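**Student:** Structure of the sequence below:
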Amino acid sequence: GDSKATVSVLYWHPTTRAMIRPPSCPLKQSTHEPIDMIDVTSEGSSDDGRKRKGVLGVLPLVVLVFYGVSGGPFGIEAAVGAGGSFLCIVGFIVIPLVWAVPEALVTAELSTTFPEPAGFVAWVEVAFGPFWGFMEGYLSWISGVTDNSLYPLLMYEYLATVYPWLAGSPVKQPALLAMVVGLVWLNYKGIEVVGRTATVLCVFSMFPFVVLTVLGIPKMDVGRLFEGPPAGGVDWRLFLNVMFWNFNYWDSAAVFAGEVGDPGTAFPKALGYAVVLVVLAYSVPTIVGMAATKAPYTSWTDGYFSEVGEELGGYWLGTWILLAAGISNIGMFLAELSADSYQLLGMSERGMLPKFLSKRSKQGSPSTAILCSFVGILFLITFDFHSVIEMLNLLYCLAEVLEFAAFIKLRVAHADLPRPYKVPLSTTGCCVLLLVPSLLILTLMSVASTASWWVCCTTTLLGIALYHVLSFLRAASILDFHDKDGFLPRTGTLLSASEITPLLSFKHSTGPPNTDHDFTGKRGRSPAVRSLSL
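**Tutor:** Residues are numbered from 1 along each chain as shown. Here you go, the predicted model:
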C-alpha cells in the first residue's frame with residue numbers, strides 16, 4: 001500500500017561477529033561475509049542502528065552503575081580501621097585514578113561497541129574465542145553472585161549494631177532468606193522497575209550523609225586526618241581488599257548497554273557521572289566522620305557510620321543512617337542481581353549456555369537467569385563477610401585480566417569495529433593506561449590467602465569442566481542452545497531472513513540493471529540487510 005521501506009546495508013565481519021560499514025562498493029565486490037539476520041528498527045534510527053528506543057535513560061543508568069559499584073560509604077569503615085585516616089585519604093585519591101577511571105573508560109568503549117546483555121563476555125569471546133569468553137562469563141558471574149551475597153549480610157550487621165541481641169541469633173538465616181526472596185521478586189518485575197526503584201532508594205540512602213557532613217564540618221579536627229596507622233600497623237590485606245571492593249565492578253554496567261536507547265552517547269556520560277558520584281559518596285562523609293569524632297580508628301568496623309551519625313547528630317541521625325544502610329543494600333542487591341542475570345541471558349543468546357536461560361518474563365526480565373543467581377546467593381550468604389570479599393576480589397581479578405587483554409587485542413586486531421565511543425588514546429596510550437591497574441591486580445593476587453587461592457583454583461577448574469560438559473550436551477543435542485552462527489549483537493528486534501523474505505525484495509543500486517536481489521544466499525542462507533525502516 002502506502003508503506004515506505006528504506007533499506008541500508010552493512011556487512012557481517014566473519015571474525016568478530018559484529019557489523020561493520022565497509023567502503024562504498026557494490027555488494028558483489030565486498031570481501032566480508034553478509035549476515036543472515038534482519039534488524040528491524042524504528043524509523044529515524046541512526047545509520048548504524050545504534051540509536052533506538054530503550055527502557056533505561058541516563059539517570060537510571062547512573063544510579064544502576066552507582067549501586068553496582070558503591071551504593072554509598074557503607075562498607076568502607078573497615079578500611080579506616082585497617083589503615084587509619086591518612087592512608088584512607090590517599091586511597092580515595094589514588095584508587096579512583098589508577099583503577100576506577102581506567103576501568104570505566106574500557107567499559108564505555110567496549111559496551112558501546114557491543115551493546116548486548118553478554119557485555120564483557122562478548123568482548124573476550126571476540127578477542128580470544130568461545131572458551132575464554134565462557135571462562136570470563138563464568139568467573140564474572142561467580143564473582144558477582146558472591147558480591148551480591150554480601151549485601152544481606154551487611155544489612156543484618158547494621159541492624160545488629162542497634163539491636164545487639166541479633167548478633168549470633170538463630171533468626172539470622174531466616175531473616176537473610178526473607179530479604180533475598182523479597183528482593184528477587186522485585187527484580188523479576190523488570191529492569192525499568194529496578195531502575196526507577198534504585199533512583200528513589202539512592203536519594204533516600206544518601207541524604208542522611210549530606211546531613212552528617214553539614215553537622216560534622218564545624219566539629220572537624222583537621223589534624224586527625226594526618227594521623228598514622230592504628231596501633232599494630234597497617235593490615236594491608238584487609239585495607240587493599242576493602243578499598244578495591246568498594247571501587248570495582250564498573251564493567252558490570254556493560255550488560256545494561258542493550259537496554260539503553262543510545263549507548264554511544266548515554267553510556268559514557270552515565271559512567272562519567274557515576275565516577276564522580278562514587279568518589280564523593282565515599283570520601284566526603286568518611287573524611288568528615290574521621291575528623292569530627294574522637295573514637296580511635298580501631299573502632300571503625302562494619303556498620304560504624306551509624307555510631308558516627310549518633311555522635312554528631314544524636315540518636316535520630318544514627319537511626320536514619322541505619323535505615324539508609326538497609327535501603328542502600330537493597331539498591332546494590334537489585335543492581336547486582338540484574339547485572340548477573342542479564343549476563344547469563346546474554347551468554348545463553350550467544351550459545352554458551354542452554355537456551356532456557358534466555359527466557360524472559362512478561363515484564364522483560366531474564367526470569368530463569370534470576371532464579372539461577374538466586375540459588376547461588378542462597379549458598380553464599382552463610383560465609384563470613386571479609387573472607388567473601390577476598391575470595392570474590394581474587395575471582396574478579398582473573399576476569400579483569402581477560403577484559404584488559406581483550407580491550408588491547410580488539411584495538412590491534414579488529415580496528416574496523418564500529419566504536420560509537422572510543423577512548424581518546426592510541427593503542428600504546430591504552431597500554432600505559434592499563435599498566436597501573438594491572439599492577440594493582442597483581443598486588444591483590446599476591447596478598448590473597450592460601451585458602452582464597454585454593455577456592456579460586458577449584459572454582460576455575462570447575463568452570464573448565466563445565467565448559468566441556470556443556471559442549472558435549474550441545475553436540476549430543478541433549479539440551480537446546482541458540483545457534484551461534486545466527487546470533488548478532490542486540491541492536492534491535494531481530495527477524496530471521498525466512499520471516500522477512502515474503503515481505504520484501506529489493507534491487508541493489510549498484511548491481512546490473514533490472515537484476516533482482518532476493519534473500520537467497522550460499523548454504524541456503526540469506527545475505528543480510530542490516531537496517532529496515534518500515
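**Student:** measure I408 to A118 for me?
**Tutor:** 20 Å (Cβ to Cβ, to the nearest Å). No exception for glycine: its C-beta is placed from N, CA and C like everyone else's.
**Student:** Repeat that for V126.
**Tutor:** Computed with Cβ to Cβ, the distance linking V126 and A118 is 10 Å.
**Student:** Between those two, tell me which one has more neighbours.
**Tutor:** The residue with more neighbours, out of V126 and A118, is A118; 30 against 25, by other Cβ atoms under 10 Å.
**Student:** what's the more buried one in contact with, if anything?
**Tutor:** Going by Cβ atoms under 8 Å, 6 or more residues apart in numbering, A118 touches E125, G137, V255, Q343, G346, M347, E349, R350.
**Student:** That one belongs to a helix, doesn't it?
**Tutor:** No: under DSSP: H, G, I helix; E, B strand; the rest coil, A118 falls outside any helix and is assigned coil.
**Student:** what's the spacing between stretch 182-200 and its chain's center?
**Tutor:** 16 Å (Cα atoms, centre = their mean, to the nearest Å).
**Student:** Flag every buried residue along that stretch.
**Tutor:** Neighbour counts over stretch 182-200 (16 or more other Cβ atoms under 10 Å) mark 183-184, 187-188, 190-195, 197-199 as buried.
**Student:** One more: stretch 127-137?
**Tutor:** A127, F128, P130, W132, G133, F134, M135, E136, G137.
**Student:** Which residue lies closest in space to T199, excluding its sequence neighbours?
**Tutor:** In space, and not counting its chain neighbours, T199 is closest to V63: 4.8 Å by Cβ to Cβ, 6 or more residues apart in numbering.
**Student:** Is it correct that the one you found is in contact with V200?
**Tutor:** No: the criterion here is Cβ atoms under 8 Å, and V63 misses it with V200 at 9.2 Å.
**Student:** Tell me, how many residues neighbour the closest residue to E227 other than its chain neighbours?
**Tutor:** Excluding its sequence neighbours, the residue lying closest to E227 (Cβ to Cβ, 6+ apart) is S85, at 5.4 Å. If you count neighbours by other Cβ under 10 Å, S85 ends up with 23.
**Student:** and what of N246?
**Tutor:** Neighbours of N246 (other Cβ under 10 Å): 25.
**Student:** Look up how far I76 lies from it.
**Tutor:** According to Cβ to Cβ, N246 and I76 sit 5 Å apart.
**Student:** Identify the contacts common to those two.
**Tutor:** What both N246 and I76 touch, as defined by Cβ under 8 Å, 6+ apart, is the set Y282.
**Student:** Need the pLDDT of V80.
**Tutor:** V80 is assigned a predicted lDDT (pLDDT) of 90.
**Student:** starting at the chain centroid, how far to the helix or strand hosting L345?
**Tutor:** Following DSSP states H and E, one finds L345 within helix 315-349. Its chain's average C-alpha position is 13 Å from that of helix 315-349, according to Cα atoms, centre = their mean.
**Student:** Next, the buried residues of that helix.
**Tutor:** Buried residues in helix 315-349, counted by 16+ other Cβ under 10 Å: 317-318, 320-349.
**Student:** Let me know the average pLDDT across whichever helix or strand G463 is part of.
**Tutor:** Assigned by DSSP H and E, G463 belongs to helix 450-475. Taken as a whole, helix 450-475 carries a mean pLDDT of 91.
**Student:** one step back: the residue nearest to E227 contacts L225, doesn't it?
**Tutor:** Yes: contact criterion Cβ under 8 Å: S85 and L225 qualify, at 5.0 Å.
**Student:** what sits in contact with each of those two?
**Tutor:** What both S85 and L225 touch, as defined by Cβ under 8 Å, 6+ apart, is the set I287, M290, A291.
**Student:** Contacts only, for the first one.
**Tutor:** By Cβ under 8 Å, 6+ apart, the residues touching I287 are S85, I89, F92, L225.
**Student:** quick one: which of the residues you listed is nearest S446?
**Tutor:** Closest approach to S446 among those (Cβ to Cβ): F92, at 22.9 Å.
**Student:** Next, count neighbours for the spatially closest residue to the closest one that is not a sequence neighbour.
**Tutor:** Nearest residue to F92, sequence neighbours excluded (Cβ to Cβ, 6+ apart): S283, at 4.2 Å. Counted with other Cβ under 10 Å, residues neighbouring S283 total 18.
**Student:** which element follows the host helix or strand of S283 toward the C-terminus?
**Tutor:** S283 belongs to helix 263-292 when assigned by DSSP H and E. The helix or strand immediately downstream of helix 263-292 is helix 305-313, counting by DSSP H and E.
**Student:** got the contact list for that next one?
**Tutor:** By Cβ under 8 Å, 6+ apart, helix 305-313 touches 73-74, 77, 158, 161-162, 208, 211-212, 215-216, 219, 285, 289, 292-293, 295, 299, 317-322, 325.
**Student:** Just the buried ones from these?
**Tutor:** Buried members of the contacts of helix 305-313, scored by 16+ other Cβ under 10 Å, are 73-74, 77, 158, 161-162, 208, 211-212, 215-216, 285, 289, 292-293, 317-318, 320-322, 325.
**Student:** ok, V106 - contacts?
**Tutor:** Shown in contact with V106 (Cβ under 8 Å, 6+ apart): D251, E403, F404, F407, V423, L434.
**Student:** Relative to L439, how far out is it?
**Tutor:** Using Cβ to Cβ, V106 is found at 16 Å from L439.
**Student:** what does A253 give?
**Tutor:** Using Cβ to Cβ, A253 is found at 24 Å from L439.
**Student:** Distance of L323 relative to K409?
**Tutor:** L323 is 47 Å from K409, by Cβ to Cβ.
**Student:** before we move on, back to that, summarise which helices and strands whichever helix or strand comes after the helix holding L345 is packed against.
**Tutor:** Under the assignment DSSP H and E, the closest C-terminal helix or strand after helix 315-349 is helix 367-380. Helix 367-380 sits against helix 130-148, helix 172-188, helix 315-349, with contacts defined as 3 or more Cβ pairs under 8 Å, 6 or more residues apart in numbering; DSSP states H and E.
**Student:** how about CSV for those, with distance to A369 added?
**Tutor:** Putting the helices and strands packed on helix 367-380 into CSV (distance: least, Cβ to Cβ, whole Å) gives the following:
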stretch, distance to A369
helix 130-148, 9
helix 172-188, 10
helix 315-349, 4
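**Student:** So which of those helices is nearest A451?
**Tutor:** Once those are compared by Cβ to Cβ, helix 130-148 is nearest, at 14.4 Å.
**Student:** Show me what that closest one packs onto, helices and strands only.
**Tutor:** Going by 3+ Cβ pairs under 8 Å, 6+ apart, helix 130-148 lies up against helix 120-128, helix 315-349, helix 367-380, helix 385-413, helix 450-475.
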